[in-house]
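*Asks:* Here's my sequence, what's the structure:
(chains A and B)
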Amino acid sequence: MTRDCACWHCGEPLPANPPHATLSGVAHAVCCNGCRAAAEWIGELGLADYYRLRSEVASRVPDPVLVARNAAVYARPALSRHLVRELGDGRSEALILVEGVRCAACCWLIERAIGSMSGVASVEVNAHARRARIVWRPDLANLPQIIEALARIGYRALPLDVDAIDDSRRRESRAAMKRLIIAGFGAMQAMMVASVLYFGVVDETTRNLFRWLGLMVATPVVFYAARPFFAGAARALTTRTVGVDVPVALAIALIYAGSAIEFARDGEVYFESVSMFVFFLLVGRYLEMRARHRTGDSSDALARLAPAFADRYEGGGHLSRIGALELRPGDRVFIAEGNGVPADGVLESASCRVDEALLSGESRPVVKRRGDALITGSIVVDGTATMHVERTGANTVLAGILALTNRAATQRPRLAQAGERAAAGFVAGVLLLAAATALVWGFVDPQRAFTATIAVLVVSCPCAFALAVPAALTRTLGVLARRGVLVVHPNAIEGLANATCVMFDKTGTLTEPRLALERIDMLRPADRAGALAQAGALANGSSHPVSRAIAAAANHLTLPEVAQFRTDVGNGLTGVVGGRRCRLGRPDFALSDAVQAAQLEDAVVLADDDGAIAAFHLLEQLRPGARAAIDALREQGLEIAIVSGDAQPRVAAIAARLAVTQWRARMRPADKFDDLAQRRARGERVIAVGDGVNDAPVLAGADVAVAIGAGADLAQAASDIVLASVHLGALADARALACETMVVLRQNQRFALAYNFTVIPLAAFGLIAPWVAALGMSASSLVVVINALRIGRRAEEVAGRVPTPAPVKVTA
Amino acid sequence: MNALLLLIPLSVLLLVGAGVAFFWAVDHGQFDDMETPAFQPLLDSTVEPAARAPGEGSA
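*Replies:* Okay, here's the model as predicted:
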């Protein structure tokens, strides 16, 4: 994108006569007055550095008048009660979902700009969660002012429910951080103490002192840091299953208890082994949790999809703007063009056209007539609507899809977590061996039974085994993250490697959300550019995707004036262009000749009173690299299927272009889920790739779910893998890397097994000195980690061609 | 060896102190966002004082 043709603030294409924003005396072309106001205000605050520091362009600035009207709604007590929390000391706090946060510079800008408002006490912005926590004095500032200020610098703000303030993620990540550090401190100190015991003991007093120290540092590690393992084991036992946590918890407990008893009997202690073991395991879990927290959660997704406001008809017939939370069944609401539907209901006005793309996968807006159902979160693209509200909140279709998603996620087949399960099996085996050792020594020499048993446990201390999997996975996760593939659930790596089939959604996944003009057929001898300019002039007046595609194609032309412009919902546009009455739209609308109209069927026709001028053929655009990605996946031996909610001909066309033979159209979310279930029943392991809310159930139920980063947050929340770039080729690379990971992982496991089979018999016969055991343990762990670092090395060298990830767009 | 008997408990005390300080930091949100604050020291000096709006600034 070059600076000359794009808005200085938001990077969108410039109109013919762009306004200019003046910063520090330099004029920059911007796309609209909103962006100009934002840029100049940022300059006035002395924050122009933002433009130098940002790594992504900002989002287009919303219309300030509209924002002010919306922000005022937040002053309503009925709404603010849900959104603002009173802190004890006379201050108020709100958690705000800020849309349009793209990079760290955005956070900086928001903290500066909002922090400098009088009455605002503190602002914290988290770029990943896109959440801002703002504390202010209610006597000096209020929520509407803050929201308006955010809008002035170009960020749409959505206050979240107060319940979200004490979110579980923050609690979880803080607890995990504390545990990790305690285990880290403990392991470090215990290792230091142990090395003195092994190599540097001088006299009895020193030895006793250091043994005491070992006990002191290991105790909090076992009783505090290792608690998740014990809790997990307890949970598994109450449900009568044996998870991974059971043997791990048992090993920790046995080594610690054994060492404590030996401590009392003046024997060998292994506090450092148990501390290191806990620390390594926690590192793996912490990394996994961080990856999981990077994607949005489903409550945020709902907040973004459903509009925050509604215009309700009051008793006297006038409209009042209220929060969507306040709506009740039976209310009548008005929805302006371009706005979202705030609740489920029935259309009362004559007709309008609604974009349900995110909810149903339908790529083009559908026409709704009086009595048709409207669903929450869909957008009225042309015309206005009056709706009778029937269902709100948790009863809406949108909330239903969310519930289906959550259910599918809990029913998700536990992937064969080969790594963890093998480690668990191994630990169980070692425990049996240790028991056997204890038994045999009990007959031979009861004195040595205990020492030998503990030695078996320590020397086999499943460190290498426990690390074999997380080390490889962590490395893979890192390599993939650099390529714009975010792995949320590390199990997905194994799923990717084992998959047999990929199910793609069409709209928004394989294709761009926008349409593009494919070709213009002239229907009578006329100037092609002139026809396009005429059509572009008409199309400029409408926000329909077809109009936008034509307007975009005509962007470089000088457009004639349009008079008497009119939108005929569901049909097309009319207006007087250059003195002639023109129509642009469906063939049967634009043309009086029904025979000609039938021939043109799927095209958009420009006509005047003399008949047809030109036919515009629109095409969904494939995402860059879609074809290459599908070919690459097919080459890797995967079956490819397209399952879409869109109409048959459009799905067929895309399938043909991608040479995909298995495709199904008109699939509702539940149908897609059935299709998935059938495939799974046939023994296929399925990777599902999708972007929309309608894909969420399928994603949640698939063996591996891949979401497009630019898609709906709900889809991301239901996924194992999020593609930060829209470059589908990353998926094929990720699969190749996953296969490589599985190879390294198996090598690691085999090595760990071989090592342990060599040393366990020695330990069982009481032939291994404790310091040799400790050394062996560390060395074997090191070998495993170094081996894991090989993953992706080859690919990194090839990866000079890696595309830079496109900005992750926020769905509105 | 007497020095050891004094110094080692002292180091343990220090360790406990570090642990307490760390817990305080975690509870006060110092580790909630590990990426954004990295930008702030780079930027602080570049804000022109004249441009600061009235008010208490970001706390």
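*Asks:* Where does pLDDT dip in chain B?
*Replies:* For chain B, the stretches flagged by pLDDT under 70 are B:1, B:35-59.
*Asks:* residue boundaries of the strands in it?
*Replies:* Remark: no strands are assigned in chain B by DSSP state E.
*Asks:* all helices for it, in order.
*Replies:* For chain B, applying DSSP state H gives helices covering B:2-27, B:40-44.
*Asks:* Out of these, flag the one nearest residue A:27.
*Replies:* Among those, helix B:40-44 comes nearest to residue A:27, with 24.5 Å by C-beta to C-beta. In short, each C-beta sits where N, CA and C put it, glycine included.
*Asks:* Could you save the helices of chain B as a markdown table and add columns showing mean neighbour count?
*Replies:* Formatted as a markdown table, those follow (neighbours: other C-beta atoms under 10 Å in any protein chain shown):
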| stretch | mean neighbour count |
| --- | --- |
| helix B:2-27 | 12 |
| helix B:40-44 | 12 |
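*Asks:* Now do the same contact list for residue 8.
*Replies:* Since no chain was named, I'll use chain A. A:21, A:28, A:29, A:30, A:35, A:39, A:51 (C-beta atoms under 8 Å, 6 or more residues apart in numbering or on different chains).
*Asks:* please go with chain B instead
*Replies:* A:209, A:213.
*Asks:* Okay, it and residue A:189: tell me how far apart.
*Replies:* Note on residue B:8: its distance to residue A:189, by C-beta to C-beta, to the nearest Å, is 11 Å.
*Asks:* Need the residues touching each of the two.
*Replies:* Counting by C-beta under 8 Å, 6+ apart, the residues touching both residue B:8 and residue A:189 are residue A:213.
*Asks:* Just put the helices of chain B in JSON lines and tack on distance to residue A:346.
*Replies:* Shown next, in JSON lines, are the helices of chain B (distance: least, C-beta to C-beta, whole Å):
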{"stretch": "helix B:2-27", "distance to residue A:346": "51"}
{"stretch": "helix B:40-44", "distance to residue A:346": "52"}
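*Asks:* picking up where we left off before, quick check: the farthest pair among the contacts of residue A:8?
*Replies:* A:29 and A:51 (13.5 Å).
*Asks:* Residue 29 - nearest residue in space that isn't next to it in sequence?
*Replies:* I'll assume chain A. Excluding its sequence neighbours, the residue lying closest to residue A:29 (C-beta to C-beta, 6 or more residues apart in numbering or on different chains) is residue A:18, at 4.3 Å.
*Asks:* Sorry, I should have been clearer: chain B.
*Replies:* Using C-beta to C-beta, 6+ apart, the nearest residue to residue B:29 is residue A:124, at 7.0 Å.
*Asks:* Around that neighbour, count how many other residues there are.
*Replies:* Neighbour count of residue A:124, defined by other C-beta atoms under 10 Å in any protein chain shown: 20.
*Asks:* which residues sit in contact with it?
*Replies:* Residue A:124 is in contact with A:111, A:132, A:133, A:134, B:29, B:32, B:33, counting by C-beta under 8 Å, 6+ apart.
*Asks:* Pull out the buried residues from those.
*Replies:* The neighbour count (16 or more other C-beta atoms under 10 Å in any protein chain shown) marks A:111, A:132, A:133, A:134, B:32, B:33 as buried among those.
*Asks:* Looking at the first one now. What's its pLDDT?
*Replies:* If you check residue A:111, the pLDDT there is 81.
*Asks:* One more: the fourth one?
*Replies:* What the model reports as pLDDT for residue A:134 is 88.
*Asks:* quick one: it and residue A:120 touch, right?
*Replies:* Yes. Counting by C-beta atoms under 8 Å, a contact exists between residue A:134 and residue A:120, whose distance comes to 6.6 Å.
*Asks:* where do the contact lists of those two overlap?
*Replies:* Residues touching both residue A:134 and residue A:120 by C-beta under 8 Å, 6+ apart: A:114, A:146.
*Asks:* helix or strand for residue A:283, which one?
*Replies:* helix A:271-293 (DSSP states H and E).
*Asks:* Let me know the average pLDDT across that helix.
*Replies:* The average pLDDT for helix A:271-293 rounds to 75.
*Asks:* one step back: export the contacts of residue A:124 to CSV and tack on distance to residue A:753?
*Replies:* Output for these, formatted as CSV (distance: C-beta to C-beta, whole Å):
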residue, distance to residue A:753
A:111, 52
A:132, 50
A:133, 49
A:134, 54
B:29, 44
B:32, 41
B:33, 41
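*Asks:* Residue A:550: which of these is nearest?
*Replies:* residue A:132 (38.6 Å).
*Asks:* Using the three-state scheme, assign the closest one.
*Replies:* Here residue A:132 is strand, with the state taken from DSSP: H, G, I helix; E, B strand; the rest coil.
*Asks:* who does it bridge with?
*Replies:* Residue A:132 has these beta-bridge partners by DSSP bridges: residue A:96, residue A:125.
*Asks:* Relative to residue A:74, how far out is it?
*Replies:* 15 Å.
*Asks:* Check residue A:761 too.
*Replies:* For residue A:761, the distance to residue A:74 - C-beta to C-beta - is 71 Å.
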